[in-house]
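**Q** dropping the sequence and predicted coords here.
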Amino acid sequence: MVNDAMVNDAMVTGGGGPVLKAERLCKRFGGVVASDQIDFNLERGEMRCVIGPNGAGKSTFFALLCGILPPDSGRVILKGRDVTHLPAFRRVRMGLGLTFQTNRAFHALTVAENLETARRASASASGAADDAHFRAAFGAFDLAASSHLPARELPHHQLQWLEICMALRRGPDVLLLDEPTAGMSPGETMYTADVLKTLSREGLALIVVEHDVAFVRKVAETVTVLHQGSVFAEGPVEVITQREDVRQIYLGRTREAAA
Ligand SMILES: Nc1ncnc2c1ncn2[C@@H]1O[C@H](COP(=O)(O)OP(=O)(O)OP(=O)(O)O)[C@@H](O)[C@H]1O
Ligand SMILES: [Mg+2]
């Protein structure tokens, strides 16, 4: 017999349905339709890459999922709960981990202090933070060796890795990453891809907005292509990146993807 407590538990843990869902999300800026009826489902443990040409609506979609922007219409469902009208910090407390293209770590604090700040923030989270993903990433990124250094002294790629670890410190169920490998060397990019792929295999759901096609091919199973605010194509990465119409709209800008 299913009682209210079981239903509530299923909603909190996300048992069954997609861990993050968008329904007919719309957002306009004046005459520009930046998000046009976007439907999107992310399953537990899924690694999804969101790609698209300049101005396709990737950042707008990211901001709508996070709660940084309110949609004009449509809904965002996190772990079975309608969060459309909740601000970003409430969604973070519910299990959304975020990293942004611009670094948000405190540059004057050490690596250890930044991570402690993130851990304390997690104390107010609704659920008990599961730090298995954090420990896996912290070890793989070898940040212990830099624990005592102020964040401002880290090389660029390590600062990106610190931000990923800070987001994981809160024990999220879903991690949203906006261009996590921007500015990294090809080797650092591929290493980051390996680590994120491992986290996904261990049950973390991830959405990565990314321009680097080599990275996308390495990590993603499913890719969502946005174009002019709409979902233009969605499916297995090896199928989608070979489609001629996708190449036309996306690869017009990123020619290496056609290789
Ligand atoms: N705050 C804003 N005010 C007005 N127009 C905006 C705003 N944010 C985005 N837009 C417009 O909405 C459309 C989608 O922009 P968005 O930044 O979401 O695209 P994107 O896919 O992230 O592009 P890029 O690859 O360049 O980062 C573009 O036409 C953009 O000019
Ligand atoms: Mg953008």
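**A** Ah, there it is. Ligands and ions are numbered 1, 2, ... in the order given.
**Q** is it fair to say Asn54 lies in a strand?
**A** No. Counting by DSSP: H, G, I helix; E, B strand; the rest coil, Asn54 falls outside a strand, being coil.
**Q** count of neighbours near the closest residue to Tyr250 other than its chain neighbours?
**A** Counting by C-beta to C-beta, 6 or more residues apart in numbering, Pro53 is the residue found nearest to Tyr250 once chain neighbours are left out, at 5.5 Å. C-beta coordinates here come from the backbone N, C-alpha and C atoms, glycine included. Pro53 has 20 neighbours, counted by other C-beta atoms under 10 Å.
**Q** same check, this time on the one 3 residues further on
**A** A count of nearby residues for Ala56, using other C-beta under 10 Å, gives 22.
**Q** residues contacting it?
**A** Contacts for Ala56 were tallied using C-beta atoms under 8 Å, 6 or more residues apart in numbering; they are Val225, Leu226, His227, Gln228, Gly229.
**Q** filter the residues you listed down to the ones in strands?
**A** Cross-referencing the contacts of Ala56 against strands under DSSP state E gives Val225, Leu226, His227.
**Q** returning to what we had before: and the two most separated of the contacts of Ala56?
**A** Val225 and Gly229 (12.1 Å; C-beta to C-beta).
**Q** Asp131 versus the residue nearest to Tyr250, what's the distance?
**A** Distance from Pro53 to Asp131, counting by C-beta to C-beta, to the nearest Å: 38 Å.
**Q** what does Thr224 give?
**A** 29 Å.
**Q** residues from the chain in reach of ligand 2?
**A** Contact residues (C-beta under 5 Å from the ion) of the chain with ligand 2: Lys58, Ser59.
**Q** quick one: the helices in the chain?
**A** Counting by DSSP state H, the chain has these helices, from start to end: 4-13, 58-66, 88-93, 111-122, 132-140, 156-169, 186-201, 213-219, 237-240, 244-246.
**Q** okay if I get those as TSV plus mean pLDDT?
**A** Converted to TSV, the helices of the chain look like this (pLDDT from 0 to 100):
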stretch	mean pLDDT
helix 4-13	40
helix 58-66	94
helix 88-93	91
helix 111-122	84
helix 132-140	94
helix 156-169	93
helix 186-201	94
helix 213-219	88
helix 237-240	93
helix 244-246	91
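**Q** could I get the ones you listed as TSV with mean neighbour count and distance to ligand 1?
**A** Putting these into TSV (neighbours: other C-beta atoms under 10 Å; distance: least, C-beta to the nearest ligand atom, whole Å) gives the following:
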stretch	mean neighbour count	distance to ligand 1
helix 4-13	12	30
helix 58-66	23	3
helix 88-93	17	16
helix 111-122	18	26
helix 132-140	19	25
helix 156-169	23	17
helix 186-201	17	17
helix 213-219	19	13
helix 237-240	16	17
helix 244-246	13	15
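**Q** tell me the bridge partners for His227.
**A** Ser230 (DSSP bridges).
**Q** got a pLDDT number for it?
**A** The confidence metric pLDDT takes the value 94 at His227.
**Q** same thing with Asp212?
**A** Per the predicted model, pLDDT is 79 at Asp212.
**Q** and it, what does it touch?
**A** Applying C-beta under 8 Å, 6+ apart, the residues contacting Asp212 are Thr181, Thr189.
**Q** same check on Arg104?
**A** Glu163, Met166.
**Q** next one: Asp194
**A** Ala140, Lys218.
**Q** so Glu221 touches Gly235, yeah?
**A** No. Applying C-beta atoms under 8 Å as the test, Glu221 and Gly235 come out as separate, 9.8 Å apart.
**Q** check the stretch 101-250 of the chain for the residue nearest ligand 2 and tell me.
**A** Closest residue of the stretch 101-250 of the chain to ligand 2, C-beta to the ion: Val209 (7.0 Å).
**Q** try the chain
**A** For the chain, C-beta to the ion, closest residue to ligand 2: Ser59, 3.1 Å.
**Q** burial measure for Val76, as a count.
**A** With other C-beta under 10 Å as criterion, Val76 counts 23.
**Q** is it true that it touches Arg24?
**A** No. Val76 is beyond contact range of Arg24, at 10.8 Å (criterion: C-beta under 8 Å).
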